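Peer 1: the sequence and its predicted three-dimensional model are supplied below.
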Amino acid sequence: MSEDLTKPELESEAELAFEGALRPKSLTEFVGQTKVRGQLELLLKAAAMQDRTPDHILLAGPPGLGKTTLAMIVAHESNRPLRMSSGPAIQHAGDLAAVLSSLVPGEVLFIDEIHRMTRSAEEMLYLAMEDFRIDIMVGKGAGATSIPLELSPFTLVGATTRSGLLPNPLRDRFGFTAHLEFYDESELYEVLRRAAALLDVEIDKDALREIAGRCRGTPRIANRLLRRVRDYALVHGRRADITTVREALDLYDVDALGLDRLDRGVLEAILKRFDGGPVGLNTLAVSVGEEADTIESVVEPFLVRVGLLTRTPRGRLATPEAWRHFGIERHTGGLFGDGL
Ligand SMILES: Nc1ncnc2c1ncn2[C@@H]1O[C@H](COP(=O)(O)OP(=O)(O)OP(=O)(O)O)[C@@H](O)[C@H]1O
């Protein structure tokens, strides 16, 4: 089975190290997301002028768009230490209490996948975010008492691919929510140009543009493809030009739009098994053997963005563009009834 180069999640230690080397350290180095950058800049400046911890920040968006990077930048730009944790690592309220009670004044606490925290931890977080205080339960049954514990002021930066799953009381306690969007090709070109310079990869401009168009709107994937192209050029003793890029990406099954195996699986299921849809999310999930949650938060946002899929009240529907992209003949007139 070939490596899935467009999978948004991180795979290996090597990849983590590679990402670390390419991570922008400041808002000025951070490419794209202009609106979010401006909003964050203002929020951090205002906090610095008033000499207080910045408000809690929620970063929402699909994987690989820069949520972890932005959390690191918030800490770096406001000159504060950063503690990193994640929803799945916080299984009990006690786990969260341990983290919160050991924060130093002004520390930035990053909780990745915050929607995956347990309910009891979530409830503890409400009070911590609002009053910098938690109540610790001691003892059991009738003799149980709660002891209040004062916390150092901190800034919570939460990241989620599913902001819709966050309970309102939690969402409301963030002073600012940034919705990260997929990057356009010129922004991805810039991400790649910067990465190529940092990695000392000599690569033609049109070759960079080709990668930018095939990386699923995602900087993490852009950097990963650049690495594979660099390897391909090295092994074949070639210059990293557009032909090299095309050959390398073809070798790794990255199609013209950068769709990954799961994207293609989902679309092909809709087209071939459900005649273009509409098909309900759960039925679709079973048919491709994937969690409905992954389809909704990772696969669909990009397919909708590139116009291959629409969400309707009756289910997911492939667009005429999807039929064209896969070169599949349509049997019956579907909702679009456009007689492709
Ligand atoms: N705006 C950007 N400019 C330049 N590089 C970026 C940008 N955003 C992300 N990157 C690069 O993409 C990589 C992935 O970003 P990051 O880990 O921050 O994504 P993420 O949204 O936190 O993903 P996940 O939700 O999977 O953790 C980073 O190492 C960084 O090199």
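Peer 2: Received it, and whenever you're ready, just let me know what you need.
Peer 1: for the stretch 101-250 of the chain, what lies in contact range of the ligand?
Peer 2: Applying Cβ under 6 Å from any ligand atom, one finds that the stretch 101-250 of the chain approaches the ligand through Asp112, Ala159, Val191, Pro219, Arg220, Asn223. C-beta: built from backbone N, CA, C; applies to glycine.
Peer 1: now for the fourth one, how many residues are close by?
Peer 2: Around Pro219 there are 28 other residues, counting by other Cβ atoms under 10 Å.
Peer 1: in which helix or strand does the closest residue to it other than its chain neighbours reside?
Peer 2: Distances taken as Cβ to Cβ, 6 or more residues apart in numbering place Val191 nearest to Pro219, at 4.6 Å, with adjacent residues excluded. Of the helices and strands defined by DSSP states H and E, Val191 is found in helix 185-199.
Peer 1: give me the low-pLDDT residue ranges for this structure?
Peer 2: Along the chain, segments meeting pLDDT under 70 span 1-11, 331-340.
Peer 1: closest residue of it to the ligand?
Peer 2: Shortest the chain-to-the ligand distance, computed as Cβ to the nearest ligand atom: residue-wise this is Gly66, at 2.8 Å.
Peer 1: before we move on, the earlier item: check which helices and strands the helix holding Val191 sits against.
Peer 2: For helix 185-199, the helices and strands in contact under the criterion 3 or more Cβ pairs under 8 Å, 6 or more residues apart in numbering; DSSP states H and E are helix 13-22, helix 205-212, helix 219-235.
Peer 1: quick one: closest of these to Leu40.
Peer 2: helix 219-235 (16.8 Å; Cβ to Cβ).
Peer 1: now whichever helix or strand comes after that closest one: buried residues?
Peer 2: Downstream of helix 219-235, the first helix or strand assigned by DSSP H and E is helix 242-251. Buried residues in helix 242-251, defined by neighbour count with 16 or more other Cβ atoms under 10 Å: Ile242, Thr244, Val245, Arg246, Ala248, Leu249.
Peer 1: does the second one really touch His236, like I thought?
Peer 2: Yes - in this structure Thr244 lies within contact range of His236 using Cβ atoms under 8 Å: 7.3 Å.
Peer 1: ok, which stretches of this structure are strands?
Peer 2: 57-60, 82-86, 108-112, 133-138, 145-150, 155-160, 176-179, 309-312, 315-318 (DSSP state E).
Peer 1: quick check: angle from the third one to strand 82-86?
Peer 2: Angle between the axes of strand 108-112 and strand 82-86 is 20 degrees (criterion: axes from the mean of the first three to the mean of the last three Cα atoms, to 10 degrees).
Peer 1: residues contacting strand 108-112, please?
Peer 2: Contact with strand 108-112 is made by 67-68, 71-72, 74-75, 78, 80-87, 90, 99-100, 103, 117, 154-159, as judged by Cβ atoms under 8 Å, 6 or more residues apart in numbering.
Peer 1: using PyMOL, define a selection of the buried residues within those.
Peer 2: In PyMOL, selecting the buried portion of these, with burial taken from 16+ other Cβ under 10 Å, looks like this:
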select buried, resi 67+68+71+72+74+75+78+80+82+83+85+87+90+99+100+103+117+154+155+156+157+158+159
